[in-house]
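Asker: pasting the sequence and the predicted coordinates here, then a few questions.
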Amino acid sequence: MSKAWYVLRTKPQSDHIAAGNLARQGFEVFFPEVVVPQPGTRQPKVPLFPGYLFIRLHTDDDVWPVVNLVPGVMGWVRVDGHIPTVPDEVVHELVERVEAIDGGGGLWTRFKAGQTVRVVSGKIESLARVLEEPKSPDSRVRVLLEFMGRQIPSDVPWHDIRAIDGESGVAPRGRRPRRTRGGGRWIRGFGPTPALGT
């Protein structure tokens, strides 16, 4: 009998429960999790695909109904009423991808040189331009910070930096975005901004 991988849906917040219960019952399970670096020493892992996990079964096995009854499992992922298989190569590639992510310090935001970002640290909130891409989640991001009408080079922890939604932040070559309207009046989003609640 040949074996194949399938995808199961899990109940909300029950990924670990479902994976643990299936493994205890002898099923071959692949539940991809990646490290998410946090300030300090904590290195939690989170599901790469929340709400889903992979299970390997014999294609003509009779345990299919039993799997649906395992605590934490919601049911099979179906396409047009059928339960599709996942090629072994895809699962192997996912395993390698998880190892590469964790080997590179985990799932953390890698800001690119030239990207415009927002720095939020304590009561300071301001736009900045990334000067150097961080090499690891432990390294700081070198930015050019807009503060009090000046541009100040600064090294900022990556977890104090936020990407700007809908913007790549990369200006066309040879041009810098305007920061004022003239007369010292800042264009919205530039210049020192008081933090919320202050």
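Answerer: Arrived safely.

Asker: averaged pLDDT, stretch 89-108. What do you get?
Answerer: Mean per-residue pLDDT for stretch 89-108: 81.

Asker: checking Asp60 next. Helix, strand or coil?
Answerer: The three-state label given to Asp60 by DSSP: H, G, I helix; E, B strand; the rest coil is coil.

Asker: and it, how far is that from Ser126?
Answerer: Counting by C-beta to C-beta, to the nearest Å, the separation of Asp60 from Ser126 is 62 Å. For glycine as for every other residue, the C-beta is placed from the backbone atoms N, C-alpha and C.

Asker: so which of those two has more stuff around it?
Answerer: Ser126 (22 against 8; other C-beta atoms under 10 Å).

Asker: these two touch, right, the more buried one and Val117?
Answerer: No: applying C-beta atoms under 8 Å as the test, Ser126 and Val117 come out as separate, 9.9 Å apart.

Asker: which helix of this protein spans the most residues?
Answerer: Using DSSP state H, we find that the single longest helix of the chain is helix 88-103.

Asker: for it, packing partners?
Answerer: strand 3-10, strand 28-30, strand 33-35 (3 or more C-beta pairs under 8 Å, 6 or more residues apart in numbering; DSSP states H and E).

Asker: so how far is the following helix or strand past the first one from its chain's centroid?
Answerer: Sequence-wise, the next helix or strand beyond strand 3-10 is helix 15-24, with elements assigned using DSSP states H and E. Chain-centre distance of helix 15-24: 23 Å, with C-alpha atoms, centre = their mean, to the nearest Å.

Asker: what are the buried residues along helix 15-24?
Answerer: Within helix 15-24, the residues that count as buried by 16 or more other C-beta atoms under 10 Å are 15, 18-22.

Asker: that one to strand 3-10, inter-axis angle?
Answerer: 140 degrees (axes from the mean of the first three to the mean of the last three C-alpha atoms, to 10 degrees).

Asker: what residues does helix 15-24 touch?
Answerer: 8, 10-11, 29, 31, 47, 50-51, 53, 55, 67, 70-73 (C-beta atoms under 8 Å, 6 or more residues apart in numbering).

Asker: in PyMOL, select just the buried ones from those.
Answerer: Buried subset of those, written as a PyMOL selection, criterion 16+ other C-beta under 10 Å:
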select buried, resi 8+10+29+31+47+53+55+67+70+72+73
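
Asker: tell me which two of the contacts of helix 15-24 sit farthest apart.
Answerer: Pro50 and Val67 (19.4 Å; C-beta to C-beta).

Asker: domains in the chain, by residue range?
Answerer: 3-103, 116-193 (automatic domain parsing).
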